[in-house]
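In: this is a predicted model, with the sequence first.
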Amino acid sequence: MQKQSVWLLWGGSLAAILFGSGWVETVGQGVFGLTFVAHVVEFLMNRSLFEESDGSMMHHFVQTMIYGMFHWLPIKQAQASGAATGS
């Protein structure tokens, strides 16, 4: 359900930009822009995590741009639990 909530955020902000006017369009632009920038920063901050995990960097970039922390947090938790168990 968490990943679906991000789709609602992206879709809602895009709908506000395309179909809204006035303050609704402005809010849509703000939400879209802030979400985009936040996900770029998340990718850059977690680049070393992605390099250590399976999958290509392009895969991790696209997934982070769409889902943000709902992509990288499970990877980080899995690596942490693997390190804690000595795997």
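Out: That came through, no problem.

In: name the helix or strand for A38, please.
Out: Here A38, judged by DSSP states H and E, is contained in helix 23-45.

In: tell me what the next helix or strand after that helix is packed against?
Out: Next along the chain after helix 23-45, taking DSSP H and E as the criterion, comes helix 47-52. For helix 47-52, the elements it packs on are helix 57-67, helix 69-85, judged by 3 or more C-beta pairs under 8 Å, 6 or more residues apart in numbering; DSSP states H and E. For every residue, glycine as well, the C-beta is placed using N, CA and C.

In: in helix 47-52, what counts as buried?
Out: Judged by neighbour count (16 or more other C-beta atoms under 10 Å), helix 47-52 contains these buried residues: F50.

In: can you list the residues that contact that helix?
Out: Under the contact criterion C-beta atoms under 8 Å, 6 or more residues apart in numbering, helix 47-52 has outside partners F43, M57, H60, W72, I75, K76, Q79.

In: what sits against the nearest residue to L14 once chain neighbours are set aside?
Out: The spatially closest residue to L14, leaving aside those adjacent along the chain, is F32, at 6.5 Å (C-beta to C-beta, 6 or more residues apart in numbering). By C-beta under 8 Å, 6+ apart, the contact set of F32 is W10, S13, L14, I17.

In: narrow those residues to those in helices?
Out: W10, S13, L14, I17 (DSSP state H).

In: and Y67, how close does it get to W10?
Out: 10 Å (C-beta to C-beta, to the nearest Å).
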